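> with the input below, show me the fold.
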Amino acid sequence: MTLPHQVSVAILSWNGRRHLETCLEALSLQHDPGVDWEVLVLDNGSTDGTGAWLRARYPEGRLASPPASPRLRVLASPVNLGFCAGNNRLVAAASGDVAFLNNDTRPSRGWLAALVRALAGAPSDVAAVSGKIVDWDGERLDFGRGVMTFDGHAFQLDFRRPLGSARVPARGEELLFACGGNMLIRRASFLSVGGFDESYFAYLEDVDLGWRLWSGGERVIFEPDAIVHHRSNATSDLLGLYNRGFLFERNAFLTAYKNYEAGLWEQVMPALLLTFLSRTQTMLADNNPGGGSLRIDPYAGWIANTAAPAAATPAMPAAAAPAIGAPPTPLSPAGIGRKWREHGAREFCRRAALKLRAELRAALAARRTARRAARRAGRDGAEGRAAAAAVRAPTLTDERTVAQLRALSYLLAHLEAGAAAREAVQRRRRRSDREIFARFPLYLVPTYPGDQALFASRGFAAWLPEDLPLARHTLDEVMELDPP
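Predicted structure coming up:
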């Protein structure tokens, strides 16, 4: 067993002073890990007084009063660098191997010692050790094993399931990637692979890092005794739901584009693009006033005298937009309750008010457009109403759709940077994707509206490589959807 020379616990904090109070207190109570260690905190553009609080709370630069207690070093950035660039800065300042820890966690007393022991006893090709993350009460799983979908998205397997029924990896079991909020990684491995991709800002950066480690010939393993308790989404909620959606979509595509090896990428890309386009089209059509008109085939009786002479004016497709001025379809009580819990009362009411205002404005604008169109056509009665409905233009109001389109715009604007990143990843490759996916099959999970029908279709199946290992699952098989 070869112990690391030193370990630096790296904590990034953006407006998380209240979380740091608990996290740093738990770190001060750690069992001796058997190596010299320190704690590095980056105050990442906070506006909640984090820096001043840290200086006042730890004036001696140590977590506790005894001289032998771990040293605390505080770095600061005037702006929010993001999770990736912020942690890269912490690694640059680290004195040894790096243990990443989220600020909204409470590590168990044996957390760091378990990570150090696991890495010290592992073969030299093990670059990182991932620990176990549980909820704040220690009853449900947050992270044990992560799985990746064919298009670069990822899930925490059995997220929110009771620990008694959750699938938790065994000690030393291989993982495709470690969780960025609880892992110990060799500093040399982190730097040689390029660290976290700073263009990601946040989310899926640990998936990308794990894939790069594996393709470069290294491995990642699990240590079940390295336990931290986590307040899920406590920090990420500050970004806003739809801003996170932009990051998920953009970063998933970049993860797939950079990391799939040559030959396999060209085979997977058509299905990946079809999935992205299907989700974007479904959001446009289903979530925006007048969006259903995007499903109209104008040559199916709408224009150029293509309707049968004896037929009535063609009806709107079943999936098209509701009648002008019709109220939006109400959510189910369960759906309303879920959104209330996710966003809180104030944010829920704010979003509902914004959506209602947008719906009313769009309905009034569409009504005016329809009336003008009907007058120009010189029609009235039922035929006029049908013609008016047919020309109703979609109005983009849905924030989730906007996030999806922003992700697409980013990718198109950064093609050159994406290509350069892909070249760098592929130059380091020492292990094939076929070997990696034999260990970690890619998942195919209907997650977005429209996915179920798309993934079940023979047309979609024809776009997938026949020999690509795929594990087909429903979302409720992957995670707990509605915990009590």
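
> low-confidence stretches in the stretch 351-484 of the chain?
Per-residue confidence for the stretch 351-484 of the chain (pLDDT under 70) gives these ranges: 351-392, 483-484.

> please report how far Gly96 lies from Pro4.
6 Å (Cβ to Cβ, to the nearest Å). For glycine as for every other residue, the C-beta is placed from the backbone atoms N, C-alpha and C.

> can you check which residues contact both of the two?
Residues touching both Gly96 and Pro4 (Cβ atoms under 8 Å, 6 or more residues apart in numbering): Val35.

> more neighbours: which of the two?
For Gly96 versus Pro4, the count of surrounding residues by other Cβ atoms under 10 Å is larger for Pro4: 22 against 16.

> and that one, what is it in contact with?
Val35, Gly96, Asp97, Val116, Leu119, Ala120, Arg186.

> list the contacts of the second one.
For Gly96, the contacting residues are Pro4, His5, Gln6, Val7, Ser8, Val35, Asp36, Trp37, Arg187, by Cβ under 8 Å, 6+ apart.

> how about those in a markdown table, adding pLDDT and secondary structure?
Conversion of the contacts of Gly96 to a markdown table gives the following (pLDDT from 0 to 100; DSSP: H, G, I helix; E, B strand; the rest coil):
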| residue | pLDDT | secondary structure |
| --- | --- | --- |
| Pro4 | 80 | coil |
| His5 | 84 | coil |
| Gln6 | 94 | strand |
| Val7 | 98 | strand |
| Ser8 | 98 | strand |
| Val35 | 96 | coil |
| Asp36 | 95 | strand |
| Trp37 | 97 | strand |
| Arg187 | 98 | helix |
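
> out of those, which are buried?
Among the contacts of Gly96, those buried by neighbour count (16 or more other Cβ atoms under 10 Å) are Pro4, Val7, Ser8, Val35, Trp37, Arg187.

> and the second one, bridged to which residues?
By that I understand Val7. Beta-bridge pairing of Val7, defined through DSSP bridges, involves Trp37, Asp97.

> what residues sit buried inside the helix or strand harbouring Leu272?
In the assignment (DSSP states H and E), Leu272 maps to helix 264-287. In terms of neighbour count (16+ other Cβ under 10 Å), helix 264-287 has its buried residues at 264-265, 268, 271-272, 274-276, 278-287.

> over to stretch 185-192?
Going by neighbour count (16+ other Cβ under 10 Å), the buried part of stretch 185-192 is Ile185, Arg186, Arg187, Ser189, Phe190.

> with stretch 441-448 instead?
Of the residues in stretch 441-448, those scored as buried under the neighbour-count criterion (16+ other Cβ under 10 Å) are Leu442, Tyr443, Leu444, Val445, Pro446, Thr447, Tyr448.

> quick one: the residue lying closest to the fourth one once chain neighbours are set aside from Ala118, how far?
Taking Cβ to Cβ, 6 or more residues apart in numbering as the measure, Val445 lies nearest to His473, with 5.3 Å between them; neighbours along the chain are not counted. Applying Cβ to Cβ, one obtains 29 Å for the distance of His473 from Ala118.
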